[in-house]
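Undergrad: Sequence unavailable; structure follows:
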């Protein structure tokens, strides 16, 4: 604070800084609250997805066991077929209170599968059921990956936002307020000093004026310099005689 000159201009500058800091603090508090709400929603969705995925995974692998029992071991035929993926994962972005969150979703590539003939000899329905269940399980995995990635991103964003809020609340704003208080005290002190100085100057001028008036009053009146009032008082119009032409 000692490095800040206590001037009216600096006082105005720091008032604007305080207003900006308080406005930023309010906005960051709102952002932190919005992120906190979204964070809780993601945590709840992750818990629900994990719970549902456990049941789906159990059902999918049980269905796989049934299909292998009905159609035999067909893993070798699947691995020998086309390796072109029919399902891929796409990435998008969701914006939450200025924070960009990654969003994953599946999409069909349109590639044809070479293993469509599996199960023609036997166990065809079981193999179709396995394909459907593992497709659903894949969708759940993609959803969970999207939720967890967004959850971690939100967690980091919340930490950064909370640090900024705390910095403004506990460091920046109090420092600006202390600086304004210091400038205000110094300006008040300068005003009191100026007022005292003006009073002294005014008192000195009044004393000089009184001394000058007293000095003039003590000076003798020079001959022929009587004032006009005295001359008029001594004049008597009756003593004058009329002049006849």
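TA: Ah, there it is. Values in this document were obtained by computation on a predicted structure and should not be read as measured data.
Undergrad: Show me what the longest helix along the chain is packed up against.
TA: Ranked by number of residues, the top helix in the chain under DSSP state H is helix 8-71. Other helices and strands packing on helix 8-71, by 3 or more C-beta pairs under 8 Å, 6 or more residues apart in numbering; DSSP states H and E, are strand 87-96, helix 124-167, helix 173-218. Every C-beta, even on glycine, is put in place using the N, C-alpha and C of the backbone.
Undergrad: run the last query once more with 10 Å
TA: helix 75-80, strand 87-96, strand 99-108, helix 124-167, helix 173-218 (3 or more C-beta pairs under 10 Å, 6 or more residues apart in numbering; DSSP states H and E).
Undergrad: looking at the ones you listed, which is buried most?
TA: helix 124-167 (a mean of 17; mean count of other C-beta atoms under 10 Å).
Undergrad: Compute the inter-axis angle for it and helix 8-71.
TA: Interaxial angle, helix 124-167 versus helix 8-71 (axes from the mean of the first three to the mean of the last three C-alpha atoms, to 10 degrees): 160 degrees.
Undergrad: Please tabulate the helices and strands packed on helix 8-71 in a markdown table, including the columns distance to residue 55.
TA: Below are the helices and strands packed on helix 8-71 laid out as a markdown table (distance: least, C-beta to C-beta, whole Å):
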| stretch | distance to residue 55 |
| --- | --- |
| helix 75-80 | 24 |
| strand 87-96 | 21 |
| strand 99-108 | 20 |
| helix 124-167 | 10 |
| helix 173-218 | 51 |
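Undergrad: which one of the ones you listed lies closest to residue 48?
TA: The closest of the helices and strands packed on helix 8-71 to residue 48 is helix 124-167. By C-beta to C-beta, the value is 9.5 Å.
Undergrad: how much distance is there from that closest one to the middle of the chain?
TA: 29 Å (C-alpha atoms, centre = their mean, to the nearest Å).
Undergrad: on contacts alone, who are the packing partners of that helix?
TA: Partner elements for helix 124-167 (3+ C-beta pairs under 10 Å, 6+ apart): helix 8-71, strand 87-96, strand 99-108.
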